[in-house]
Each structure stands twice: as structure tokens, then as C-alpha cells.
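Colleague: Structure, please.
(2 chains)
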Amino acid sequence: MKKPARVKLKSNPLEVVIAGVKFKNPVMTASGTFGYGSEFAAYTDLNKLGAIVVKGLSLKPRAGNPGPRTVETPCGMLNAIGLQNVGVDAFIKDKMPFLRGVDTRVIANIFGETIDEYAEVAHRLDNCPGVSALEINISCPNVKKGGIVFGTDPLQAYAVVKAVKDAARLPVITKLSPNVTDIKVMVKAVEDAGTDAISLINTLTGMAIDVEKRRPYLKNVTGGLSGPAIRPVAVRLCWEAKKVARVPLVGMGGIMTASDALEFLIAGADAVQVGTASFVDPDAAVKIASGIADYLKRHAMTLGELVGSIRV
Amino acid sequence: MKKSPDTKAVVLYNKEILPGYFLLGLKWKAAKAAPGQFVMLRTSGGFDPLLRRPLGIYSVINAGGKKTFGDDGIELLYKVVGKGTKILSQKVKGDGIDVLGPLGNGFTLKAEHENKKVILLSGGMGMVPLVFFAKALGSGTALFGCRSKAEVQLASGFKKNGCKLRVATEDGSAGEKGLATDLLKDEITNDSVVYACGPVAMLKATAAIAATVGAVCFVSLERAMACGIGACLGCAVKSGKHSGVYDPSGVIENREYKMVCSDGPVFDGADIDWEAF
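Modeller: Sure, this is the predicted structure:
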């Protein structure tokens, strides 16, 4: 009698668990750089992503800022989109059906002008099938109300995270701003409020001027700087955060290649997010995940051994 | 899930047709393109310049001589203006270039406009997508404006593609002295359909002239963009016809801001809030 074929359980070397959620690999798309996922369906295999973090969602739809909204700078770009988004209800109704058909995790990035708004958006997403976690945006530099206001004051940050935790059962990742004096204070504040993980960094506030016109390139005057120009700052903040953090970290800031992503993992991040790189190459995140797998194989390491393995 | 489209193009030629102006021929499998569409091109393999450059498609290359828009390759016509285009100008036959596209909606002659007088209005490099459109139409009146005689040759494609051509130069060194929109005032009637591409001031004036005489007008817009596929939301232009409320269904008609890359680059001139531009 023929023996039944033995099912070989192949373990996935890239699998990672953050905030109790299992991800197939540690590479996520950063909020605001990947739309609602569908925009990229023709250009990359969405099923190969660790997670899709969607564009920041607010209670009501937001039109965004007047243009020009972007300008390229050396090895980077400034943006002042102003959190244009369809609103949480339209997201659940119109965008989630597509995302449920993709074999990856969906993380909903949320934003509010008030603490109550954050809580209400979180509450509405809490019962939405297919949403695996919330990422709280307390760090957008481009809107007048909310955003960075909550991200630079530890007491405000505590209050937002606490309100979201009370309003939703979903795991919560809090996204920190680099525009602070001491990141460790913010790490402690959001941890005390109960965040399940921390992602960092959001963009650095910047500005560029057209000298011929003596006008700022952006209508909003200032914008958020992203791209490889900010990576050393981001790696440093990630490394500093790791010294005090008890919760997992998701590192980001100018990751273009697998080697860039490895810097964050070695500095102590359990996972990474890829942002601006997706504009340059829509397939960047998938390539980075595969590059990390190659590295682990080459160094005969597990992902767990790699994380925080920096030798100083 | 769809497989990633082919972004690998190979340089067939990269000729300087006028000082500072280059005609770039690319062999590219994914080239099926319509007039008015554009590509996002990586000028360097590194990260400075970081972002892709949006370039309008000048023509498609059909090695087999087929009448339909083929997929052998595309021609791009560009002016060296900065770091990215400078690097691009140094590419030679056989070099590989990463090209995303074709992107955007492009120009179309709608059935209800078929009996109207077609005017193709362009200023400077704005002629690129319109020469391609002229080829698809095979006729029409082309109005071209530029600084001086040296740039007039850029518009030669209009005649080649069966259009009647009128030229205006700012210094009067060739054609008529003045702007392309001066020629437009001359040619436009309420039974015209105008397709325009060029500097914002020209497009703004064009939309105003068309509105005054009651003509239909479509404009191709340019805006700094990062992705080209509707994700970064960087290339927003304010719509003049929006409801005032962000339309949560995502239907573009009612949205306050439209994206040049994915909703355009071609828009109804009456649908743009020119004051906010």
C-alpha cells in the first residue's frame, strides 16, 4: 500500500507576531503611501505584503490641502497632503471589501481632530471584519488641528491612546513623531496608556523655497520630509526607543532597500514599514521582504535573533 | 492578483533634435498607449533624483507598420530642465530604463464632438501629447506658441499628422507675434472643441476664452507628483464643479480635489477651479 504523502510543514522564516497579531513577514506599507491598497494591485502582488496600513482615516471625509502638495528635495520629498481621505464609514463600506480579498493583514491608520473623534473612529473600525489592528496617527505635521499636537505633548498622547484603547478591542499601534526633544518620553507615555506596539517615525517637518519666486514650493508652506534623506534620523530614534520600550517597535523612515530595512531590525524594530519607496517602485515592499529572507538565510539567523542584534 | 507589468524599457535612440530638446525612442513591451497618456520614468537607478519623472508620450513605435496602437515601443520628447532630465539626456542606445505606465486618461474625441471644429492648442513642450493626438485624428487646426523661431520646429509633427498649423512667437521671429491664445481668439467659434496643453497661464486663458464663446475645451495639466498612480495624492487640483462635500463614494465628479495622475491629466476646462491653481 502506498504511504500517504507526508505533509511537510514548512515554517515561514519571516513570520512575526506583533501585538498578538501574526504577520507573514515584517514588511508593511506605510500609511499615506499606499492608498487603500487597490491603487497598487496592478503593480505588485499584495498577497506578499506583511500588512497594508491604509491612508489615515478620520470620522468625516477630508478634502485635504490645496496644491502644490509635494516637492522633491535631495534624496527625499516634502508632502503636505492634509490627510485627504474618504472617511471611516466609506472606508468600511467601499474599501474593505477589496482588502478582505487580499491575503494580508490590514491595519487601519486613524486620525481625529479631538480625542473623542479618535475614539469614535476606533470604535467604528472595531467590528469591521478584516481589520487586524489600529495604528494611531498622533504625528501628522500637515493639519492644523489634531495630529502632531497630540504627538508632541506626552499628556495629550497618553489621553488619545487611552481613549482609543477604551473604545476598541483591536490591538493598537501608536505612530510617533520624530519632531520631539526626547522620543523616550513619548514611548513611556503611550506605553502607560496601553498601546500594544509603537511605530516610528512619521515625517520630519521641513520646508523648501523657490528662490526665484521667493515662495515656498508647498502651498501649506511646510510639509513632512520623507525618503532616504531621513533614514539615519529614523534609525537613531528607533534605537533610542528600543532602549526603553517594552512593546514591539515597527520602524520606518526612508527604507528603500532590504539593507535599509535590516538597519531598523538590527537597531531593535520587530517589523518595518515601507513608504516613499512605493512611489518610486510600487513593488518595493515585496522586494524588501524577499531581501530580508535572503539575508537571514545567508547569515543562518532567525528573524528573532536578528531583531535588536546590534553590536555597539 | 495580476502580475506586475513590465517596466523594463531599452533605449533605441536618444537624439538631440534641437539644442536642449531630446527625442527618446524606447523599446518597451508594455507600450500600448493612447494620446495624452504619460509615463513615469526613473532617470537613475539610485535615489537622487529620488522620484520618477512624468513625461508625456510623443508617439508609439510600430515596427510592424500596424495601424493600431502597437506595443513595440514609445517615443518621448523632453527638454533638459533639471537633474533628472540631464541624466536622461546622457542615455545611449541599449541602456535600460525603468518605465511605469502608460498612465492617465488621455485625449479622446467624444462622439458628440465629432462634427465640431477641432483645435489643438499648445505652448512649448505642451505640444508633445497633442502631436500624438493629431496622429490619431489625422486632421484639425493646430495652434502653437513658443518664445522664438528656434523652437518652432517642435511643432513640425502637427503638419506631418495632417493638421493645419499656425504658429505664434513671443518675439515675432517666426509666425505671428504674440501668444498661442491670440491665435485661438481668431479661430475659435461656439462650434469648436479645443484640446490644450502648455503653461498654466495659457490653459487658464484658454478655458476663459472657450467659456466666453461657448466652446468645449479640454486641458492637460501638469503638477508635481510622486507616484503617478493615484496613491500619494500629491498632484491635487481643485475642481470648480465639486459639491463642496468630499464624495465618500470616491466618484470623481463630486470630489473637491482631483488627481492629475489618475483622474487626468486631461480635464474639462470648465471643471477646474483656475483661481485656486
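Colleague: Could you tell me which residues of the stretch 201-312 of chain A lie near chain B?
Modeller: With C-beta under 8 Å from any C-beta of the partner chain as the criterion, the stretch 201-312 of chain A meets chain B at residues A:Tyr217, A:Gly227, A:Pro228, A:Met256, A:Thr276, A:Ser278, A:Phe279, A:Val280, A:Asp281, A:Pro282, A:Asp283. In short, each C-beta sits where N, CA and C put it, glycine included.
Colleague: Would you check how far apart the nearest residue to the fourth one once chain neighbours are set aside and A:Glu117 are?
Modeller: To tie it back to what came earlier, the one meant is A:Met256. Spatially, and ignoring its direct neighbours in sequence, A:Met256 is nearest to A:Ala277 (4.6 Å; C-beta to C-beta, 6 or more residues apart in numbering or on different chains). Between A:Ala277 and A:Glu117 the computed distance is 31 Å (C-beta to C-beta, to the nearest Å).
Colleague: neighbour count winner among those two?
Modeller: Shown here are A:Ala277 and A:Glu117; by other C-beta atoms under 10 Å in any protein chain shown, A:Ala277 has more neighbours (27 against 20).
Colleague: lowest average confidence, helix or strand, in chain A?
Modeller: Using mean pLDDT, DSSP states H and E, helix A:148-152 stands out as the lowest-scoring helix or strand of chain A, at a mean of 82.
Colleague: From the contact counts, what lies against that one?
Modeller: Applying 3 or more C-beta pairs under 8 Å, 6 or more residues apart in numbering or on different chains; DSSP states H and E, one finds that helix A:148-152 contacts helix A:154-167.
Colleague: Try it again at 10 Å.
Modeller: Judged by 3 or more C-beta pairs under 10 Å, 6 or more residues apart in numbering or on different chains; DSSP states H and E, the packing partners of helix A:148-152 are strand A:131-137, helix A:154-167, strand A:172-175, helix A:183-192.
Colleague: Quick one: distance of that helix to the chain centre.
Modeller: Put simply, helix A:148-152 sits 16 Å off its chain's centre (C-alpha atoms, centre = their mean, to the nearest Å).
Colleague: what's the helix or strand hosting A:Ala293 packed up against?
Modeller: Using DSSP states H and E, A:Ala293 falls within helix A:284-298. Here helix A:284-298 is seen to pack against strand A:27-29, helix A:258-267, strand A:271-274, helix A:277-280, helix A:303-306 when contacts are counted using 3+ C-beta pairs under 10 Å, 6+ apart.
Colleague: Go through these and name the closest to B:Arg53.
Modeller: Set against B:Arg53 and scored by C-beta to C-beta, these come closest in helix A:277-280, at 11.2 Å.
Colleague: Give me the buried positions along the closest one.
Modeller: Within helix A:277-280, the residues that count as buried by 16 or more other C-beta atoms under 10 Å in any protein chain shown are A:Ala277, A:Ser278, A:Phe279, A:Val280.
Colleague: Kindly report the same for stretch B:214-227.
Modeller: So, applying 16+ other C-beta under 10 Å, buried residues of stretch B:214-227: B:215-227.
Colleague: next one: stretch A:113-123
Modeller: Within stretch A:113-123, the residues scored as buried using 16+ other C-beta under 10 Å are A:Glu113, A:Ile115, A:Glu117, A:Tyr118, A:Ala119, A:Glu120, A:Val121, A:Ala122, A:His123.
Colleague: So which of those are in helices?
Modeller: Per DSSP state H, helices hold the following members of these: A:Ile115, A:Glu117, A:Tyr118, A:Ala119, A:Glu120, A:Val121, A:Ala122, A:His123.
Colleague: Next, format those residues as TSV and append pLDDT.
Modeller: Formatted as TSV, these follow (pLDDT from 0 to 100):
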residue	pLDDT
A:Ile115	92
A:Glu117	94
A:Tyr118	95
A:Ala119	97
A:Glu120	97
A:Val121	97
A:Ala122	98
A:His123	98
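Colleague: between those residues, which is nearest chain B?
Modeller: Chain B lies nearest to A:Val121 out of these, by C-beta to the nearest C-beta, at 14.0 Å.
Colleague: where's the residue lying closest to B:Phe267 once chain neighbours are set aside relative to chain A, distance?
Modeller: The shortest distance from B:Phe267 to any non-neighbouring residue, by C-beta to C-beta, 6+ apart, is to B:Val219 (5.9 Å). Distance, B:Val219 to chain A, using C-beta to the nearest C-beta, to the nearest Å: 15 Å.
Colleague: does B:Val219 count as helix, strand or coil?
Modeller: strand (DSSP: H, G, I helix; E, B strand; the rest coil).
Colleague: Next one: B:Ser148 from chain A, what distance?
Modeller: For B:Ser148 relative to chain A (C-beta to the nearest C-beta), the value is 21 Å.
Colleague: tell me the contacts of that residue?
Modeller: B:Ser148 is in contact with B:Thr169, B:Glu170, B:Asp171, B:Gly172, B:Ser173, B:Ala174, counting by C-beta atoms under 10 Å, 6 or more residues apart in numbering or on different chains.
Colleague: How about B:Val81?
Modeller: With contact set as C-beta under 10 Å, 6+ apart, B:Val81 has these partners: B:Gly20, B:Arg53, B:Met125.
Colleague: does the first one really touch B:Gly124, like I thought?
Modeller: Right, the one you point to is B:Gly20. No. Assessed by C-beta atoms under 10 Å, B:Gly20 is found out of contact with B:Gly124, at 11.7 Å.
Colleague: where do the contact lists of those two overlap?
Modeller: B:Lys79, B:Glu151.
Colleague: Tell me the most packed of the contacts of B:Val81, by neighbour count.
Modeller: B:Arg53 leads the contacts of B:Val81 on contacts (other C-beta under 10 Å) with 23 neighbours.
Colleague: Bridge partners for that one, pull those for me.
Modeller: Taking DSSP bridges as the rule, B:Arg53 bridges to B:Leu41.
Colleague: Now do the helix ranked longest in chain B, average pLDDT.
Modeller: Taking DSSP H as the criterion, chain B has its longest helix at helix B:200-213. Computed over helix B:200-213, the mean pLDDT rounds to 95.
Colleague: Is chain A within reach of that helix?
Modeller: No. No part of helix B:200-213 sits close enough to chain A to count as contact by C-beta under 10 Å from any C-beta of the partner chain; the gap is at least 11.3 Å.
Colleague: Quick one: list the elements packing against that helix.
Modeller: Contacts defined by 3+ C-beta pairs under 10 Å, 6+ apart place helix B:200-213 against strand B:117-123, helix B:180-187, strand B:192-197, strand B:216-220, strand B:266-268.
Colleague: Between these, which one is closest to A:Leu46.
Modeller: strand B:266-268 (28.9 Å).
Colleague: tell me what that closest one is packed against?
Modeller: Applying 3+ C-beta pairs under 10 Å, 6+ apart, one finds that strand B:266-268 makes contact with strand B:192-197, helix B:200-213, strand B:216-220.
Colleague: want to throw the ones you listed into JSON lines with distance to A:Ser199?
Modeller: Listed next are the helices and strands packed on strand B:266-268 as JSON lines, based on distance: least, C-beta to C-beta, whole Å:
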{"stretch": "strand B:192-197", "distance to A:Ser199": "42"}
{"stretch": "helix B:200-213", "distance to A:Ser199": "39"}
{"stretch": "strand B:216-220", "distance to A:Ser199": "39"}
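Colleague: among those, which is nearest A:Thr44?
Modeller: Relative to A:Thr44, the nearest member of these by C-beta to C-beta is strand B:216-220, separated by 27.9 Å.
Colleague: mind listing what the closest one pairs with, with the direction of each?
Modeller: Checking strand B:216-220 against DSSP bridges gives partners strand B:192-197 (parallel), strand B:266-268 (antiparallel).
Colleague: Poorly predicted segments of the chain, please.
Modeller: All of this is about chain A. Judged against pLDDT under 70, the low-scoring parts of chain A cover residues A:1-10, A:140-148.
Colleague: try again with chain B
Modeller: Where chain B drops to pLDDT under 70, the residues are B:1-5, B:31, B:63-71, B:241-255.
Colleague: can you tell me which residues contact the spatially most central residue of it?
Modeller: Centroid-nearest residue in chain B, with C-alpha atoms, centre = their mean: B:Pro129, separated by 3.7 Å. Counting by C-beta under 10 Å, 6+ apart, B:Pro129 makes contact with B:34-38, B:56-58, B:77, B:104, B:106-107, B:120, B:122, B:195, B:197, B:220, B:265-266.
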